[in-house]
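Chemist: give me a 3D structure for the following:
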Amino acid sequence: MRPIVVAIVAALALLLAGSPWAAEAAECDGPGGETPSRCLYRAGFPAAGLVAQCRTDRDCRVGYYYGGPGDAVWLALPPGFATLPKPEVTWHTPTLAEARFACGPHCAASYFLDARRKRLSAPRADVVAVEHQRQVLAAAEGRALVVRQTFSGRELLRIERDWIPVGRLPEALTAVRFDPDGRLSVTWRRAPDGAPVTERVTVPALPR
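Modeler: Residues are numbered from 1 along each chain as shown. From the prediction side, this is the model:
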């Protein structure tokens, strides 16, 4: 069996099984840092992925492609960004990528690419957990932890608690994850003493 066919079969098997995806490392030309570089982040099947063309690691064009990197569609700047830094790319499945752009301590914006359905999300600020099977995410929005559908952005759940006073809510969150049963587990620090609190919250299936 040809290597490309083997790769496609393996990717589809992982996707259908809901198994974790161990993506290959980025393929980069150029040293980066203060010098130019070009990096490819390939999906789990041929001819799709993300590309970053950078003057420096703080000034990049980042896009997604189908067919070849030369056909990339470039991402718009998220609100508050003057330039795009080199992304941190995570493949949550062989076909679901998160391109995360840092904007300071506990500050980031993420784009999500569904390579199989050819969908790109709007930029999502301060994402702290992702559930790829239902395609939902948890993000810090002001003083609330909000669960939204990844691509439509529709709200499923809003959590407001007596968090400790912080500059940005992620500083008060010790751990956030989606459990296998679909519920959201959150460990956070309570005002005024910073005592840890852990809770599991049911996430509705439909938007509010």
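
Chemist: give me the domain ranges for this protein.
Modeler: 1-11+23-124, 126-208 (automatic domain parsing).

Chemist: looking at those domains, which has the lowest confidence?
Modeler: Among these, domain 1-11+23-124 carries the lowest mean pLDDT, at a mean of 90.

Chemist: burial count for the residue lying closest to Gly44 once chain neighbours are set aside?
Modeler: Closest residue in space to Gly44, ignoring its immediate chain neighbours: Pro94 at 2.4 Å, by C-beta to C-beta, 6 or more residues apart in numbering. Glycine gets a C-beta too; all of them are placed from N, C-alpha and C. Neighbours of Pro94 under the rule other C-beta atoms under 10 Å: 25.

Chemist: so how far is stretch 148-161 from its chain's centroid?
Modeler: 15 Å (C-alpha atoms, centre = their mean, to the nearest Å).

Chemist: with stretch 197-206 instead?
Modeler: Chain-centre distance of stretch 197-206: 20 Å, with C-alpha atoms, centre = their mean.

Chemist: list the buried ones in that stretch?
Modeler: For stretch 197-206, a neighbour-count test (16 or more other C-beta atoms under 10 Å) marks Val203 as buried.

Chemist: equivalent analysis for stretch 41-50, please.
Modeler: So, applying 16+ other C-beta under 10 Å, buried residues of stretch 41-50: Tyr41, Arg42, Ala43, Gly44, Phe45, Ala48, Gly49, Leu50.

Chemist: got TSV for those residues, with distance to Pro180 too?
Modeler: Formatted as TSV, the buried residues of stretch 41-50 follow (distance: C-beta to C-beta, whole Å):
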residue	distance to Pro180
Tyr41	27
Arg42	28
Ala43	25
Gly44	22
Phe45	26
Ala48	28
Gly49	28
Leu50	28
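
Chemist: closest to Glu88 among these?
Modeler: Among the buried residues of stretch 41-50, Tyr41 lies closest to Glu88 (C-beta to C-beta), at 10.0 Å.

Chemist: what's the distance between the closest one and Leu50?
Modeler: According to C-beta to C-beta, to the nearest Å, Tyr41 stands 4 Å off from Leu50.

Chemist: wait, Ala139 sits on Gln149?
Modeler: No. Using C-beta atoms under 8 Å, Ala139 makes no contact with Gln149, being 11.6 Å away.
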